[in-house]
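[1] return a 3D structure for these sequence lines:
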Amino acid sequence: MNQSDIKKLGPIQSLVQGELESLETRLQEILDSDVPLIENICTYLNDRPGKRIRPTILFLTARSAGSPEHDTVTAGLAVELVHTATLVHDDIIDDHLVRRGKPTVYARWGSDAATLIGDYLYSMAFSCLAEARMFDVMDILARVTHDMSVGELMQLQLRRTLDLSEDHYMDMIYKKTAALFSASCECGALLGGEQNGHRNLYSRFGKNMGLAFQIVDDLFDYVAADRDLGKPTASDFSDGRVTLPFITAFRNAPEPARKRVSDLFTVSFDKKKHWGEVVSFVQDYGGVEYSLRKAKDFAEQAKGHLMDVSSSPERDALFVASDYVVERVHAFCK
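    Next up is the predicted model:
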């Protein structure tokens, strides 16, 4: 997490600092193993943690929805384990060698170990829930892990589909990314007691926040440099993944420009030689502007779902979190 992210997330996460601290302690405890390979990889993963956005919105939702009487930390732990497992598996599928500025598990230990550690993290998530007898939360996360698997398979099937429609893209990123945001909020509402009866509204908030989050992630490929992200740019395009910025530009561009970028996409792409040309194509034909506007629209829709929820510091922090997922790209779009 860079200093800018820490500064922006600080006021949001301070409201649930106790839960987040307990989460870190629990992660250390459950990932401790007497099997050296498991111990080494899990320690490596925890050495540079992510922003914990999904557990954060679960904890905030639980407080906003009522007075949590159940073990929200275990639910947040399961969500974070599922999320981490998907990242480990994604890096294998996408042949990614760097994440968060350091080698991926796949790059350091190979595909066999990375596949198995991802499976291990999934199993730990559901084992924790079963031990705590949190069967309603388990049901939600079982459903979302299915959706995420379908989303990954959709992405694999649709690779190198140059004329991918925006609707297909939205369906895919809902399943791949937004579904876990939605599930995090739904779990939070459930554990908060649903005193205001708005479980579905929290779930919709998470869905729209997650859609905004993924669109912004896809935007980074076209507006930031490798050093800014801690992972390689051009990875989506070079791997044959079509995202909203490219979909929009390809839809808007004249035929000669479409033909040129089609040739690069399908035949002869070389990052050093051609990436600047692809970035210019996406920027010149409205891909960045449209995608940023779409992300902002989803963030606003997310907040709209909670307008009828009783005002509280935690609800307002969810609003700020929804804005944050879009604002993190602004510095690169100026």
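[2] going forward, measure contacts and count neighbours with C-alpha atoms only.
    OK.
[3] can you tell me the centre-most residue of the chain?
    Among the residues of the chain, the one closest to the centroid is residue 177, at 5.1 Å (C-alpha atoms, centre = their mean).
[4] so that one touches residue 214, yeah?
    Yes - if you go by C-alpha atoms under 8 Å, residue 177 and residue 214 touch, sitting 6.6 Å apart.
[5] surely residue 265 and residue 237 touch.
    Yes - checked against C-alpha under 8 Å, the pair residue 265 and residue 237 is within contact range at 7.1 Å.
[6] what about residue 191, how many neighbours?
    Neighbours of residue 191 under the rule other C-alpha atoms under 10 Å: 26.
[7] for it, list the residues it contacts.
    62, 68, 69, 70, 71, 72 (C-alpha atoms under 8 Å, 6 or more residues apart in numbering).
[8] which pLDDT value belongs to the first one?
    This points to residue 62. pLDDT recorded at residue 62 is 95.
[9] could you shift the numbering so residue one becomes 405, and keep it that way?
    Fine by me, first position is 405 from now on; the one you just mentioned is residue 466.
[10] return the backbone torsion pair for it.
    Dihedral pair for residue 466: phi -60, psi -40, per degrees, to the nearest 10.
[11] check the burial of it by counting its neighbours.
    For residue 466, the count of nearby residues is 29 (other C-alpha under 10 Å).
[12] can you name the residues that contact it?
    Residue 466 makes contact with 472, 476, 589, 591, 592, 593, 594, 595, 596, 597, according to C-alpha under 8 Å, 6+ apart.
[13] drop anything exposed from the contacts of residue 595.
    When the contacts of residue 595 are checked for burial by 16 or more other C-alpha atoms under 10 Å, the buried set is 466, 472, 474, 476.
[14] identify the residue spatially nearest to the third one, adjacent ones excluded.
    When you say that, I think you mean residue 474. Distance criterion C-alpha to C-alpha, 6 or more residues apart in numbering; nearest residue to residue 474, sequence neighbours excluded, is residue 595 at 5.8 Å.
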